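*Asks:* from the sequence below, what's the structure:
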Amino acid sequence: MAIVKLAELLARDEVIAFLRGVVASGRPGNAYLFHGPAGVGKGTAALAFARALLCEGGAAGAPHAAPSLFDAPAPAAPAPVADAPRDDACGHCAACLKTGALAHPDLRLLFPVSGEEKELDATVAETLAAMRTDPLFVCQYEKAASIRLSLTRDLLRDLAFRPFEAARRVVVVRDADRMREDQYSALLKTLEEPGATTVWILTTSRPARLPATIRSRCQRVRFAALAEPVIARFLAERAKLPATPARVLAALSAGSLGRALVLREMDPIALRDEALALLEPAVRGDAAGLWKASQAFAKFGRAGRETLRRAIEFHQLWLRDLLRASCGAPREALIHRDREAEISWCWRRCCARSKATSRPTSRCSRASRGSPASGPARAPGRRTPPRGGITETARECYAPVRLDSSSGIPGAVHSRTGRRGSARRRARIRQRMIRRRWPA
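*Replies:* From the prediction side, this is the model:
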């Protein structure tokens with residue numbers, strides 16, 4: 001995971017302007033909550049914000065706190081870096097270099113981990129090493145992954161001391177919704193009694209799972225889904241993918257760059273062709289072939305949920321291209337441009353089939369126009385029951401409900417259903433339906 005500057009964030013103009021304004025003011029808030037869909041850059045923005053706050057040459061380099069009579073003399077502030085921006089990290093000072101390598105002592109990270117407690121240190125070290133070395137690293141967790149209580153206790157114990165090098169300490173909590181209730185209680189106490197030297201940055205894709213007491217004490221920064229052209233350009237320039245796989249992955253990711261980076265390790269074109277092969281028996285009208293193909297694709301129920309979900313998403317993209325082709329969209333608007341001929345053929349076949357199976361003119365419409373096949377014309381607006389009269393079943397369905405009049409009180413108990421008050425109204429509604437359907 002590359003630790004970038006705020007100015008280098010991907011398609012986040014409003015977020016960049018807000019965070020740079022906070023850094024330029026030199027008075028950051030106590031806690032921030034970055035929320036939005038998964039894989040849209042919340043963790044990258046949190047680390048970039050932390051890097052700007054810890055920069056020695058920025059405006060946030062020294063806290064604006066009133067001196068105390070019992071405090072020791074403050075150490076001399078480091079000399080500002082020449083030409084350093086006041087609202088972003090300079091990228092050249094010692095603090096920026098340490099933050100870029102995730103080695104700054106005043107930058108603390110909390111993230112969910114899975115596995116046994118005895119292997120916790122090795123798991124955390126392995127994850128941090130992958131974040132340092134891989135610029136396209138994506139944090140992936142198992143379903144049971146959570147932020148461990150032991151790590152939270154160690155962090156809260158360290159917060160009782162002053163920062164080591166910088167003027168303040170920054171704590172980044174990834175996926176803060178994966179905590180336990182007792183951890184939320186400890187975190188709430190820290191947020192209620194803020195210190196002048198600690199800034200919390202929480203990220204989550206499920207803010208509703210955070211307690212309301214935590215959300216109310218954080219400044220919320222919303223991250224929206226990324227546009228498909230932005231993701232496709234990033235995959236082509238940074239991940240060095242060809243144009244067609246990058247375009248397919250951008251459409252399949254649903255605005256999540258992290259998901260597109262995870263799926264790039266697979267062959268998106270082969271996955272697409274395998275999913276679209278299920279539509280060929282459906283287009284031919286071969287029900288038996290469709291059943292066999294779908295069972296073979298699902299491995300007779302042994303395929304994972306993600307495999308089936310990905311196949312459905314490929315079908316949705318195919319239908320979207322069909323709709324765009326029907327509206328006369330240009331070729332650049334299609335996701336499957338390499339299969340444009342098949343899209344056009346499928347659309348023409350669908351149009352021909354819809355015309356062939358269109359509903360013929362009904363007997364009632366011919367009767368209303370006075371056609372010779374239906375006899376004399378009837379007055380407009382008058383409808384008659386079908387030939388042969390109302391069947392006995394229809395008479396039972398539309399028969400008025402009898403009320404138990406033994407009490408003589410309006411709205412008495414219904415003798416059949418035992419309901420009170422609405423039986424008379426139901427009888428009137430059914431009588432009205434009979435008069436509308438078969439007027440006298």
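
*Asks:* which stretches of the stretch 51-200 of the chain form helices?
*Replies:* Along the stretch 51-200 of the chain, the stretches classed as helices by DSSP state H, counting those that start in this stretch are 94-100, 120-133, 149-158, 181-192.

*Asks:* which of the ones you listed sits closest to Ile335?
*Replies:* Shortest distance between Ile335 and those, using C-beta to C-beta, is found for helix 120-133: 31.4 Å. In this view, the C-beta of every residue, glycine as well, is placed from N, C-alpha and C.

*Asks:* what is the orientation angle of the closest one with helix 149-158?
*Replies:* For the pair helix 120-133 and helix 149-158, the angle between their directions (axes from the mean of the first three to the mean of the last three C-alpha atoms, to 10 degrees) equals 80 degrees.

*Asks:* picking up where we left off before, mean pLDDT added to the helices of the stretch 51-200 of the chain, as TSV?
*Replies:* What follows is the helices of the stretch 51-200 of the chain, written out as TSV (pLDDT from 0 to 100):
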stretch	mean pLDDT
helix 94-100	91
helix 120-133	88
helix 149-158	88
helix 181-192	83
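
*Asks:* among those helices, which is nearest Leu210?
*Replies:* Comparing those under C-beta to C-beta, the one sitting nearest is helix 181-192, at 7.8 Å.

*Asks:* quick one: the closest one to helix 149-158, angle?
*Replies:* Using the same axes, to 10 degrees, the interaxial angle of helix 181-192 with respect to helix 149-158 works out to 20 degrees.

*Asks:* buried residues, helix 181-192. List them.
*Replies:* Neighbour counts using 16 or more other C-beta atoms under 10 Å place Gln183, Tyr184, Ala186, Leu187, Thr190, Leu191 of helix 181-192 among the buried residues.

*Asks:* dump those residues into a markdown table; add distance to Trp318 as well.
*Replies:* Conversion of the buried residues of helix 181-192 to a markdown table gives the following (distance: C-beta to C-beta, whole Å):
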| residue | distance to Trp318 |
| --- | --- |
| Gln183 | 45 |
| Tyr184 | 44 |
| Ala186 | 50 |
| Leu187 | 46 |
| Thr190 | 50 |
| Leu191 | 48 |
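
*Asks:* break this protein down into its domains, please.
*Replies:* Under the assignment named as automatic domain parsing, the residue ranges that make up the domains of the chain are 6-63+83-224, 266-352, 382-437.

*Asks:* Ala232 contacts Ala246, doesn't it?
*Replies:* Yes. Counting by C-beta atoms under 8 Å, Ala232 touches Ala246, with 4.7 Å between them.

*Asks:* comparing the helices of the stretch 51-200 of the chain, which comes out most buried?
*Replies:* For these, the largest average neighbour count (mean count of other C-beta atoms under 10 Å) is found in helix 94-100, namely a mean of 20.

*Asks:* tell me what it is packed against?
*Replies:* Helices and strands touching helix 94-100, by 3 or more C-beta pairs under 8 Å, 6 or more residues apart in numbering; DSSP states H and E, are helix 42-54.

*Asks:* need the CA coordinates for the helix it packs on. PDB is fine.
*Replies:* This file holds the C-alpha atoms of helix 42-54, laid out as PDB (Å, rounded to 0.1, in the frame of the first residue of the first chain):
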ATOM      1  CA  LYS A  42     -10.600   5.300   3.000                       C
ATOM      2  CA  GLY A  43      -7.500   3.600   4.400                       C
ATOM      3  CA  THR A  44      -5.200   5.300   1.900                       C
ATOM      4  CA  ALA A  45      -6.700   8.700   2.800                       C
ATOM      5  CA  ALA A  46      -6.400   8.000   6.500                       C
ATOM      6  CA  LEU A  47      -2.700   7.300   6.200                       C
ATOM      7  CA  ALA A  48      -2.200  10.400   3.900                       C
ATOM      8  CA  PHE A  49      -3.900  12.500   6.500                       C
ATOM      9  CA  ALA A  50      -1.800  11.100   9.300                       C
ATOM     10  CA  ARG A  51       1.300  11.700   7.300                       C
ATOM     11  CA  ALA A  52       0.300  15.400   6.800                       C
ATOM     12  CA  LEU A  53      -0.400  15.800  10.500                       C
ATOM     13  CA  LEU A  54       3.000  14.300  11.500                       C
END
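
*Asks:* where are the low-confidence patches of the stretch 51-200 of the chain?
*Replies:* In the predicted model, the stretch 51-200 of the chain carries pLDDT under 70 at residues 58-84, 143.

*Asks:* now with 80, please.
*Replies:* Counting by pLDDT under 80, the stretch 51-200 of the chain contains low-confidence ranges at 57-86, 115, 141-144, 192-196.

*Asks:* how about the strands in the stretch 1-150 of the chain?
*Replies:* Secondary structure of the stretch 1-150 of the chain (DSSP state E, counting those that start in this stretch): strands located at 31-35, 107-110.

*Asks:* tell me which strands and helices the first one is in contact with?
*Replies:* In terms of contact count using 3+ C-beta pairs under 8 Å, 6+ apart, strand 31-35 is assigned the packing partners helix 42-54, strand 198-204, strand 219-222.

*Asks:* switch the cut-off to 10 Å
*Replies:* Strand 31-35 sits against helix 13-25, helix 42-54, strand 169-173, helix 181-192, strand 198-204, helix 212-215, strand 219-222, with contacts defined as 3 or more C-beta pairs under 10 Å, 6 or more residues apart in numbering; DSSP states H and E.

*Asks:* the fifth one: partners in the sheet, and parallel or antiparallel?
*Replies:* Going back to what we said before, that points to strand 198-204. In the sheet containing strand 198-204, the strands it pairs with under DSSP bridges are strand 31-35 (parallel), strand 169-173 (parallel).

*Asks:* pull the distance from the last one to the chain's centre.
*Replies:* Its chain's C-alpha centre lies 25 Å from the corresponding centre of strand 169-173 when counted by C-alpha atoms, centre = their mean, to the nearest Å.
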